[in-house]
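*Asks:* Let me see the structure of the following:
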Amino acid sequence: MSELRDRFRAASASAEAIFWRAPSTPAATFRDLAAYAEEHDVAWDRYGEGGAVAQLEAEVAELLGKPAAVMFPSGVMAQQAALRAWCDRSGSRRVALPDLSHLVHHEQDGPRRVLGLELEWLTTGRETPTAEALDKVGGRLGAALVELPLRDAGCLLPTWDELVELSAAARGRGVPLHADGARIWESVPHWDRTIAEAADLFDSMYVSLYKGLGASSGALVVGPEDLAGELRSWRQRMGGTIFSMTTAAVGGLMGLRDGVERFGAYRAWAIDLAAALRERGIRTFPEVPHIATFLAYAPGTAEEVNERVVALVEERGVVPCGLWSQADVPGWVQTELTCYEAAITRDPGQVAALVAEAVGAATFLP
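*Replies:* Sure, this is the predicted structure:
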């Protein structure tokens, strides 16, 4: 697998990508950042104060309809700081969150080992959060976290009514409700709501600058003014108040400038692609994607499928998809597809045909 991965990276470096974002060089990215900074007379921040950071915080707070926003160098730090601040206020270290949460699976147990939080499962597996699920977590809670969307479940989202009921239940119980909104920009078209309407259901929300908005790094947490002060203290304690975050902040400002409205078009194209994939023997989850990112499943083994994918990239100079891994069901493989600018310039039926050819799914059609 390591040899296939090396071949895939080498071939992809000079090939045309369909999914995620078109690759760029550091030099090209720095030129774009410099051009924006010059055009908009961007000033440096110093230790997270003033300049581009202050401007970004103000714009994000206004967009999400919250009194304040605090920028962090990473989402990992941002969310751990937010949960710890809420827990300190609540007098409990117990946090209810999905067992598939990013905090559980991708942070080396940081919430427990670094900040001493006690984790309880709000949901398990591919389950969306509800008021009933919160009710089942008994005892005193310091906070509850909802991941929107639940990325490891195929970017699964609850219904709007479920979110409204969950928000009311949390507030009625006095439990601070925090949203992992790394992909909230991409989620709101599913509900046909604004970002501010979504944020209004939560006491705080984390947003990412690099996932949907395309910055190089960075994150923010929005919430009340007094929480912002506590977040800045935790940012400093955790080593996140670095000399400057201007570069990441400019990337975030550029992403906001390009507009969050584009994610509706990405989602619509992803829905068409998923339908075309299913016609060619490739299953998708969710069956109808909730956002522009979803999981695809095909028959085969990872080694066989990836050999075909890599060979196609090498022969044609186009990347039809990423590499595939073994799925939970024996004899099937899975991959994640993210449909952004490069994808939606193409016909979804033709892209589906190319993906099916790459993985050999056409041979499994009835």
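*Asks:* Pass me the low-pLDDT residue ranges in the chain, would you?
*Replies:* Low-confidence segments of the chain (pLDDT under 70): 1, 362-366.
*Asks:* Contacts for the helix or strand hosting Ala28, please.
*Replies:* Here Ala28, judged by DSSP states H and E, is contained in helix 26-39. The contact list for helix 26-39, computed with CB atoms under 8 Å, 6 or more residues apart in numbering, reads 42, 52, 216, 247, 250-251, 253-254, 257. C-beta coordinates here come from the backbone N, C-alpha and C atoms, glycine included.
*Asks:* What subset of these is buried?
*Replies:* Those of these that meet the buried threshold are 42, 52, 247, 250-251, 253-254, by 16 or more other CB atoms under 10 Å.
*Asks:* can you give me the end-to-end distance of stretch 315-328?
*Replies:* For stretch 315-328, the first-to-last residue distance is 31 Å (CA to CA, to the nearest Å).
*Asks:* and if you look at stretch 114-130?
*Replies:* Termini of stretch 114-130 sit 29 Å apart (CA to CA).
*Asks:* and that stretch, which residues are buried?
*Replies:* For stretch 114-130, by 16+ other CB under 10 Å, it's 115, 117, 119-123, 127-130.
*Asks:* again with stretch 128-144
*Replies:* Buried, per 16+ other CB under 10 Å, within stretch 128-144: 128-131, 133-134, 137, 141-144.
*Asks:* Quick one: those residues as CSV, columns for secondary structure and distance to Val60 too.
*Replies:* Formatted as CSV, the buried residues of stretch 128-144 follow (DSSP: H, G, I helix; E, B strand; the rest coil; distance: CB to CB, whole Å):
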residue, secondary structure, distance to Val60
Thr128, coil, 26
Pro129, coil, 24
Thr130, coil, 28
Ala131, helix, 28
Ala133, helix, 29
Leu134, helix, 27
Val137, coil, 30
Leu141, coil, 27
Gly142, coil, 25
Ala143, strand, 21
Ala144, strand, 23
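*Asks:* Report the two of those separated the most.
*Replies:* By the measure CB to CB, Thr128 and Gly142 form the most distant pair in these, at 22.3 Å.
*Asks:* Identify the residue nearest Glu120 in space, chain neighbours excluded?
*Replies:* Ala96 (4.7 Å; CB to CB, 6 or more residues apart in numbering).
*Asks:* downstream neighbour of whichever helix or strand that neighbour is part of in the secondary structure list?
*Replies:* If you go by DSSP H and E, Ala96 is part of strand 94-97. Going down the chain from strand 94-97, the next helix or strand is helix 102-105, by DSSP H and E.
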